[in-house]
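A.B. asks: just to be clear, the model below is a prediction. Sequence and coordinates:
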Amino acid sequence: MNRKAFLLFPLVAIALLLGGCGSGGKLGGVAVSVVTIRSAQPELLETEVVLGLRYTNENVVPVGFGGSRHKFYLNGTYIGQAVSDRPVGLAPLTTGTQDVTVMVKNGALLSVLRNVAQRQQAAYRIESTLFVTAGEERMEIKTKSEGAIDLTGLLPPAGVP
């Protein structure tokens, strides 16, 4: 009986190691939320807004990504997309922030955004793809989040029509 257990142990150990390797290629657990929104140049009618993003690493291992893409929606309407090539590194179970610039898909939409800003708050949705490179392997972390955002940063400064 003892000999069977001795022979079975290496097989169980190999199965556990192979099972662990199979799940190691998938990375997730990074949440993205919008914490601020403001006009890129409040005194001009431009087609860019700046989002302040908060990244939360929910993993017990550090995560770093070399770039990201974010599709941004307000009150269910697609506003535009931001891309960033600035790397972000997150220690295990921590948060970090980054500003990204959204190219508003339609210049006239910015005046609509400012009208919405009069209400002070709107529902948002952000769909993000984070690009992770580990050696030769390239991975993407896809995440979505929804919430409410204060829009007063879109209002022009006092004295600017």
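C.D. replies: Happy to help now that I have it. Numbering: from 1, shown residues only.

A.B. asks: C-alpha only now, for contacts and for neighbours.
C.D. replies: Fine.

A.B. asks: show me the residue sitting in the middle of the chain in space.
C.D. replies: V32 (3.6 Å; C-alpha atoms, centre = their mean).

A.B. asks: helix/strand/coil for that residue?
C.D. replies: strand (DSSP: H, G, I helix; E, B strand; the rest coil).

A.B. asks: who does it bridge with?
C.D. replies: Y55 (DSSP bridges).

A.B. asks: that one against S128, yeah?
C.D. replies: Yes - if you go by C-alpha atoms under 8 Å, V32 and S128 touch, sitting 7.2 Å apart.

A.B. asks: now do the shared contacts for those two.
C.D. replies: Shared contacts of V32 and S128 (C-alpha atoms under 8 Å, 6 or more residues apart in numbering): 143-144.

A.B. asks: give the contact list for the residue nearest to the centre of the chain.
C.D. replies: Contacts of V32 (C-alpha under 8 Å, 6+ apart): 53-56, 126, 128, 143-145.

A.B. asks: the nearest residue to F65 once chain neighbours are set aside and K142, how far apart?
C.D. replies: Closest residue to F65 apart from its sequence neighbours, by C-alpha to C-alpha, 6 or more residues apart in numbering: V132 at 4.4 Å. According to C-alpha to C-alpha, to the nearest Å, V132 stands 11 Å off from K142.

A.B. asks: same check, this time on V35
C.D. replies: From V35 across to K142, the span is 19 Å (C-alpha to C-alpha).

A.B. asks: what of V63?
C.D. replies: Here the criterion is C-alpha to C-alpha. By it, V63 lies 14 Å from K142.

A.B. asks: cool, E127 as well?
C.D. replies: For E127, the distance to K142 (C-alpha to C-alpha) stands at 7 Å.

A.B. asks: and for V83?
C.D. replies: In this view, V83 and K142 are 14 Å apart by C-alpha to C-alpha.

A.B. asks: any stretches of this structure with poor pLDDT?
C.D. replies: For the chain, the stretches with pLDDT under 70 are 1-27, 42-46, 107-115, 117, 156-161.

A.B. asks: what's the neighbour count on the nearest residue to T95 once chain neighbours are set aside?
C.D. replies: Nearest residue to T95, sequence neighbours excluded (C-alpha to C-alpha, 6+ apart): T56, at 4.3 Å. Residues within reach of T56, counting by other C-alpha atoms under 10 Å, total 19.

A.B. asks: then L130?
C.D. replies: As a burial measure, L130 scores 24 neighbours (other C-alpha under 10 Å).

A.B. asks: OK, contacts around it?
C.D. replies: Contacts for L130 (C-alpha under 8 Å, 6+ apart) come out as 65-69, 140-142.
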